[in-house]
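J.: pasting a predicted model and its sequence here:
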Amino acid sequence: MDRGPDPHPDHDAAQLTAADPLTVHNAAVDEGAARGGGCAQVHLPTGATCILPRGHEGSCAFSEGG
């Protein structure tokens, strides 16, 4: 399947997601918390946000609500 020209020809896709998560839009990430260095993963059913630092090991620890 042809997806057309690469919109970021000078970026490796893995680099975009690993190096700076803010460069890739993800509805399951709280951008404000991510800018502050947090994991910021959002639990979509509840709206709770992970309160651990970005890149933490193991499972997320979610706040009490959205």
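T.: Okay, I see it.
J.: how much space separates T49 from G37?
T.: 13 Å (Cβ to Cβ, to the nearest Å). The way it works is simple: take the backbone N, C-alpha and C, and place the C-beta from them, glycine included.
J.: the more surrounded of these two?
T.: T49 (24 against 10; other Cβ atoms under 10 Å).
J.: state the phi and psi torsions of the more buried one.
T.: Note on T49: backbone dihedrals following degrees, to the nearest 10 are phi -110, psi 140.
J.: now swap in G38 and tell me
T.: Dihedral angles (degrees, to the nearest 10) for G38: phi -90, psi 160.
J.: okay, now it: neighbour count?
T.: 18.
J.: where does the protein dip in pLDDT?
T.: Residue ranges of the chain with pLDDT under 70: 1-25, 65-66.
J.: G38 bridge partners, please.
T.: Assessed by DSSP bridges, G38 has beta-bridge partners P53.
J.: ok, it - contacts?
T.: Going by Cβ atoms under 8 Å, 6 or more residues apart in numbering, G38 touches D30, T49, C50, I51, L52, P53, R54.
J.: just the buried subset of the residues you listed, please.
T.: Buried residues within these, counting neighbours by 16 or more other Cβ atoms under 10 Å: D30, T49, C50, L52.
J.: gap between R54 and G38?
T.: 6 Å.
J.: likewise for L44?
T.: 17 Å.
J.: A48 too?
T.: A48 is 13 Å from G38, by Cβ to Cβ.
J.: likewise for L52?
T.: For L52, the distance to G38 - Cβ to Cβ - is 7 Å.
J.: what segments of this protein are strands?
T.: Applying DSSP state E to the chain gives strands spanning 42-43, 48-49.
J.: just send those back as a markdown table, with distance to N26 too.
T.: Putting the strands of the chain into a markdown table (distance: least, Cβ to Cβ, whole Å) gives the following:
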| stretch | distance to N26 |
| --- | --- |
| strand 42-43 | 9 |
| strand 48-49 | 13 |
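J.: show me where this structure has helices.
T.: Remark: helices assigned in the chain by DSSP state H are 13-19, 31-35.
J.: wait, what's in contact with C60?
T.: Contacts of C60 by Cβ under 8 Å, 6+ apart are C39, Q41, H43, C50, L52.
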